[in-house]
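Peer 1: how would this look folded up:
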Amino acid sequence: MHVKNIAVIGSGVMGSGIAALCANAGCKVLLLDIVPKGAENRNALAEKAVEKQLASGSFTHPQNAGRITCGNMEDHLPRLAEADWIIEAVLEKLDIKQNVYRRVDGARKPGSVVSSNTSTIPIHELAEGLSESFGKDLMIAHFFNPPRHMRLLEVVAGEGTRRDAYEAIKHFADERLGKEVVECKDTPGFIANRIGVFWMVAGLQEALRLGITVEQADAAMGKAAGMPKTGIFGLYDLIGIDLIPLIADEMLAAGLPQDDAFRLAWNQPELLQKMIADGYTGRKGKGGFYRMVKKDGQKAKEVLDLKTGQYRPEEKPALASAKARNLRELVAADDIGGRYAWAVLSQTLLYAASLIPEISDDIVSVDAAMKNGYSWKMGPFEMIDAIGADAFAARLKKEGKELPPLLQTAESRSFYADGKYLTREGSYSALPHAHGHLWLADVKRGAKPVLSNPSASLWDMGDGIACLELTAKMSTVDEDVLAMVQQAVARVPKDFQGLVIGNDSEVFSAGANLHRFLDYARGGQWQALDHMIAAGQAMVTSLRYAPFPAVASLSGLALGGGCEIALHMAAVQAHMETRIGLVEAHVGVIPAWGGSSEMLRRYPDDVLALFALIMQAKTSSSAEEASDMRILRSGDGISMNRARVLADAKRRCLGLVKDYRPPVAAPVAAGGEAAKRAMLQRLDSIEGLAPHDKEVGRVLAQVLSGGVGKGTVTEQSLLDLEREGFVELMRTPQTQARIEHMLNTGKPLKN
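Peer 2: From the prediction side, this is the model:
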């Protein structure tokens, strides 16, 4: 089965978001909804929904919206015959869904797959009373909001679902939609919502019981817990406070066992009922547990006092537990934050362990669902390992809690060890890997690096390909990285055929180590600074002209020097969500590791556009936008799934090996003084520039003009101009202030 055409029925937030996701994958999409009463435009609901998705950034490129055809269920139902996959995303009411299915069944082509985006209704209920042929083509494919960014897709097959169709949708969702596909059993809430909503309910109940404030609770349930930075109460506000009771009630109605801990825990507090009744449903309403207000013309954040139900100014919590270095320290902390974290997490993790094998036969699926559906850094069983299975079980026993069989099995052991996971039977089994997925952690497990230093390592990926991994914080580039690249360039021709630069992080590289630059400048070590810039230029040049193909595997952020590394590679394989750009102007300098000169090659016809691009320090919002910016070339590849980027990069590198010829140094066209004058004039029309940007622009114009009369210049002369201009700007107090501010706050200084 090959999926080319997709139909989505229901243009609400989820339906239109799914339509945008499928359009991003290159599919033609038909988006249908009901005809509004009395509307002149019978397609108004679908059309307005697409407009909202455009405004909210759901498309990886605005032009992708053109792949969506909007229609309605009265006039365009026959067009369902064109669809290979029909996705139902209507209201979470069984009678409405089944009515849609009956209409769909009469219009669809034989063999097309129909899936429901239900979050709670079991598939056996969805299929009840429908034709046998429809039941064979029916499955559940539950997306999470927003579909573009949330990686989880929960899939459920019914007893009669065709296995070939089910597998085809799983493969398509993995490869083309970029999803972490998790198979679930046909149980209420499936996996992620069954555990995630329980966690949120426990978070609210325990906060009320312990008397902890909203700020304290969210601080405790933060970095050390590996939870979303919103915390629990911020997450309530984000997804909608009224949504949790709806999901909870739907799961109860769907047949949770009478003795299920969720059923015993769910008791909607009066505070929550009043908030919903009064319209305080979170960010979409008047406010939630947090709200923004204006006081004396200034925006201020207020927080709900859980005891009084009144808003008050937000306070920064002083909790020792919030500074815990890891989960074990957090739950052991003896302040209210530690007690709260333990109370919530112990219940949640105990509940997750009790649900094996009801919701899943293995712990890997459960952990994957929570990490990709609720943005937890660790899944429940990884958390238990982080606390220590023995310590976790012992504390539960001390509190008089009964341990489920799986937790008893894990005592004196761990759930994960050496690339294996603990099964229900008590044995260890190899972690499953989908075909085409590759993580560097898999390469490194049980292996030793070919080369290594404190900031980088070279690994053997197999098949004659080496992988260079940057290991410093944010994968920044320092002297150790510069040295490792040169060592790798010398080593690869001896033992390998090609090189991939990449890692498992969502940060390819945040660029040069700014601390080093600032230290050199504050210490007046101008020669050392000049040497580091020259070494960076030598690094990218050695990659560009290496006698083997070098491929960048971009799985996320690539800024400044990280972008410059990618610019000089033989090829780039980028995740669709790659954010990449030359952002040096934010810290008062210019791209000086060949970024300015290489981009000049890519903008031979429009240096003013390039000048504005660098001055605005623009970062792409996707790999498609990076192509528009000419950072990615037409021959570079884009992977929809992060889990596939490294494997795709390796495959691309292997494809270049045979008869590979490195590029030959060639002169670069430059506009000279005329171009320089035009760029300086352009400075006045670029929005958002601060006073010091004028100086940065003057230096950048000197580089991009080639520093000479109109004609061609050598690559080396452009590199020299970059280096001289960079050092010149580093001498200014304004640039040093920008760098210091960025290091301290993570935000650019407009001075």
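
Peer 1: roughly how far out does the helix or strand hosting Gln347 sit from the chain middle?
Peer 2: Here Gln347 is covered by helix 336-354, with elements defined by DSSP states H and E. On the basis of C-alpha atoms, centre = their mean, to the nearest Å, helix 336-354 sits 26 Å off its chain's mean C-alpha point.

Peer 1: same deal with stretch 239-246?
Peer 2: Worked out by C-alpha atoms, centre = their mean, stretch 239-246 lies 24 Å from the chain centre.

Peer 1: which residues does the nearest residue to Gln616 once chain neighbours are set aside contact?
Peer 2: Nearest-residue entry for Gln616: Ile686, 6.4 Å, with adjacent residues in sequence omitted and distances by C-beta to C-beta, 6 or more residues apart in numbering. All C-beta spots, glycine's among them, are computed from the backbone N, C-alpha and C. Applying C-beta atoms under 8 Å, 6 or more residues apart in numbering, we find Ile686 in contact with Ala612, Met615, Gln616, Gly697.

Peer 1: ok, how many other residues are close to Val29?
Peer 2: If you count neighbours by other C-beta atoms under 10 Å, Val29 ends up with 27.

Peer 1: all numbers from here: first residue = 18
Peer 2: Happy to do that; since the first residue is 18 now, the last one works out to Val46.

Peer 1: Pairing partners for the helix or strand containing it, with directions?
Peer 2: Taking DSSP H and E as the criterion, Val46 maps to strand 45-50. Next to strand 45-50 in the sheet, as set by DSSP bridges, lie strand 22-26 (parallel), strand 85-89 (parallel).

Peer 1: what's in contact with it?
Peer 2: By C-beta under 8 Å, 6+ apart, strand 45-50 touches 21-28, 32-33, 36, 39-40, 62-63, 66-67, 84-90, 93-94, 96-97, 99-100.

Peer 1: still on that earlier bit, compare the strands paired with strand 45-50 and give me the one nearest Gly326.
Peer 2: strand 22-26 (40.4 Å; C-beta to C-beta).

Peer 1: Quick one: mean pLDDT over the closest one.
Peer 2: Averaged across strand 22-26, the pLDDT comes to 98.

Peer 1: Show me which residues of stretch 442-459 are buried.
Peer 2: Neighbour counts over stretch 442-459 (16 or more other C-beta atoms under 10 Å) mark Tyr445, His454, Leu455, Trp456, Leu457, Asp459 as buried.

Peer 1: cool, stretch 272-284 as well?
Peer 2: Leu273, Asp277, Ala278, Phe279, Trp283.

Peer 1: Quick one: end-to-end length of stretch 278-297, please.
Peer 2: 28 Å (C-alpha to C-alpha, to the nearest Å).

Peer 1: now do stretch 640-650
Peer 2: So stretch 640-650: terminal residues 10 Å apart, C-alpha to C-alpha.

Peer 1: mind checking how far it is from the chain centre?
Peer 2: 19 Å.

Peer 1: And for it, what's in contact with it?
Peer 2: Contacts of stretch 640-650 (C-beta under 8 Å, 6+ apart): 77-78, 81, 571, 580, 583-584, 589, 591-595, 597-598, 616, 619-620, 630, 635, 637, 651, 653, 655.

Peer 1: ok, back up a step: return the alpha-carbon coordinates of the helix holding Gln364 using CSV.
Peer 2: Output of helix 353-371 as CSV, limited to C-alpha atoms (Å, rounded to 0.1, in the frame of the first residue of the first chain):
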residue,chain,number,x,y,z
ILE,A,353,8.0,20.4,50.6
GLY,A,354,9.2,20.2,47.1
GLY,A,355,10.9,16.9,47.6
ARG,A,356,7.9,15.5,49.5
TYR,A,357,5.6,16.7,46.7
ALA,A,358,7.8,15.2,44.0
TRP,A,359,7.8,11.9,45.8
ALA,A,360,4.1,11.9,46.4
VAL,A,361,3.3,12.5,42.8
LEU,A,362,5.9,10.4,41.1
SER,A,363,5.7,7.4,43.4
GLN,A,364,2.0,7.1,42.7
THR,A,365,2.5,7.7,39.0
LEU,A,366,5.4,5.2,38.6
LEU,A,367,3.6,2.6,40.8
TYR,A,368,0.5,3.0,38.6
ALA,A,369,2.6,2.6,35.4
ALA,A,370,4.2,-0.6,36.7
SER,A,371,0.7,-2.0,37.7
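
Peer 1: By pLDDT, give me the weakest of the buried residues of stretch 442-459.
Peer 2: Asp459 (92).

Peer 1: Next step: the buried residues of stretch 272-284 restricted to helices.
Peer 2: Ala278, Phe279 (DSSP state H).

Peer 1: Return the member of the buried residues of stretch 272-284 nearest to Glu399.
Peer 2: Ala278 (20.6 Å).

Peer 1: Any stretches of this structure with poor pLDDT?
Peer 2: 726-727 (pLDDT under 70).
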